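Enquirer: Need a 3D model of the following:
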Amino acid sequence: MASGVLPYDNDDHFNNNTKNPDANSYCPNNNPFLSFGGRQWWINYHWSQQTGTYADEPFKSIFDPKIIEKVGDAVRLWIRRPTQSNQPWRTSELVLANKLGWGRYLVTARVDGGGSFSDLDPNAVFGAFTYQYSEAPPSNGPNIHREIDALEVLRGGNSNAQFTLQPYDYSNPHPWNPFTIPPNTPVITIVLDWVLEGGVERGAYFALFLGDYSLDTLPPIQSGFQFWAPGHKGFAKLIPDHTDTSCERFHINLWLMHGAAPAREQSVLLTRFQYKTLP
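Expert: Just a heads-up that it's a prediction; the model follows:
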């Protein structure tokens with residue numbers, strides 16, 4: 001048993017939400033999915049019978065499926081004011097319905113309103129990552145939720161973005177690569193290569209490009225504005241595996257650290273999601 005609660009690699013959370021009329025009542029037209037990038041995305045991931053779409057620490061916010069907007073082929077994620085003064089702010093998250101596993105993941109995103117990713121509110125976090133709701137078996141290693149943070153845009157001491165493996169505090173130095181997205185960066189392209197090298201060794205390669213790129217136009221990922229290969233930095237044991245029973249999915253979200261209110265509402269337009277298998 002994982003922490004005495006769920007069996008390892010248990011995927012009941014998916015069915016409990018997507019096939020539950022109570023959960024789906026929080027979604028537009030009672031539909032827990034929307035289409036983006038040619039795939040289906042789950043929008044009520046944080047729902048529970050006890051708290052609805054409210055999620056506690058570190059979020060302390062309502063993950064509200066009804067504020068996620070479909071804009072043509074794109075999707076807009078929002079951080080929005082509460083509808084009542086005594087409520088927490090509302091935030092948003094997409095979770096890929098498919099479990100794709102090894103391969104190249106690409107996300108292109110734009111800050112709305114002529115803004116820049118360098119100017120995202122200090123309390124806001126924009127993230128793209130893999131995550132498994134239940135724990136992985138011990139054979140996976142210390143990264144029990146198979147979490148690979150392909151990018152987190154958030155304010156740090158001398159940075160505003162980072163690549164990370166989990167658990168963050170597993171070692172010193174920590175398994176992260178902080179950096180600063182420069183001013184006047186309205187569009188970014190996130191790339192994660194999660195691979196099984198030689199059929200044996202797990203590998204992860206992170207890249208951030210400033211601008212709009214697709215799989216067809218992407219330069220070599222080592223030439224990105226930022227590039228990180230944590231397996232070559234001593235963190236190979238934190239790169240998770242992917243198996244026939246693992247249930248990690250790719251997430252994209254926009255939320256508030258500890259629910260702290262931003263100066264104003266925030267929004268990010270997701271313009272592209274692409275995936276391909278790698279040799």
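
Enquirer: show me where pLDDT drops low in the stretch 51-200 of the chain?
Expert: Along the stretch 51-200 of the chain, no part satisfies pLDDT under 70.

Enquirer: show me where the stretch 151-279 of the chain has strands.
Expert: 161-165, 176-179, 187-197, 201-210, 226-228, 249-256, 266-276 (DSSP state E, counting those that start in this stretch).

Enquirer: Just send those strands back as CSV, with distance to Phe36 too.
Expert: To be clear about C-beta, it is placed using only N, CA and C from the backbone, and glycine gets the same treatment. Below are these laid out as CSV (distance: least, CB to CB, whole Å):
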stretch, distance to Phe36
strand 161-165, 23
strand 176-179, 27
strand 187-197, 15
strand 201-210, 20
strand 226-228, 25
strand 249-256, 9
strand 266-276, 6
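
Enquirer: Ala23 is nearest to which of the ones you listed?
Expert: strand 249-256 (16.4 Å; CB to CB).

Enquirer: Number of residues surrounding the closest residue in space to Glu197 that isn't next to it in sequence?
Expert: Spatial nearest neighbour of Glu197, chain neighbours left out: Gly203 (4.7 Å); criterion: CB to CB, 6 or more residues apart in numbering. A count of nearby residues for Gly203, using other CB atoms under 10 Å, gives 18.

Enquirer: What does the pLDDT read for Gly203?
Expert: On the pLDDT scale, Gly203 is placed at 97.

Enquirer: picking up where we left off before, to Asp22, which of the strands of the stretch 151-279 of the chain lies closest?
Expert: Among the strands of the stretch 151-279 of the chain, strand 249-256 comes nearest to Asp22, with 21.6 Å by CB to CB.

Enquirer: Quick one: mean pLDDT over the closest one.
Expert: Mean pLDDT, computed over strand 249-256, is 98.

Enquirer: Touching, Arg104 and Ser214? I think so.
Expert: No. Arg104 is not in contact with Ser214 according to CB atoms under 8 Å; the separation is 11.5 Å.

Enquirer: Going by how many neighbours each has, rank the two and give me the top one.
Expert: The neighbour comparison of Arg104 against Ser214 (other CB under 10 Å) goes to Arg104, with 20 against 12.

Enquirer: The more buried one pairs with what?
Expert: As for beta bridges, Arg104 partners with Asp193, Lys276 under DSSP bridges.

Enquirer: Which residues are in contact with it?
Expert: 191-193, 215, 275-278 (CB atoms under 8 Å, 6 or more residues apart in numbering).

Enquirer: For Ala55, grab the count of nearby residues.
Expert: 21.

Enquirer: How about Glu57?
Expert: By other CB under 10 Å, the residues close to Glu57 number 8.

Enquirer: gap between the closest residue to it other than its chain neighbours and Pro65?
Expert: Computed as CB to CB, 6+ apart, the closest residue to Glu57 that is not its neighbour in sequence is His258, at 6.8 Å. Distance of His258 to Pro65, computed by CB to CB, to the nearest Å: 22 Å.

Enquirer: picking up where we left off before, please list only the buried members of the contacts of Arg104.
Expert: Burial by neighbour count, 16 or more other CB atoms under 10 Å: within the contacts of Arg104 this picks out 191-193, 275.
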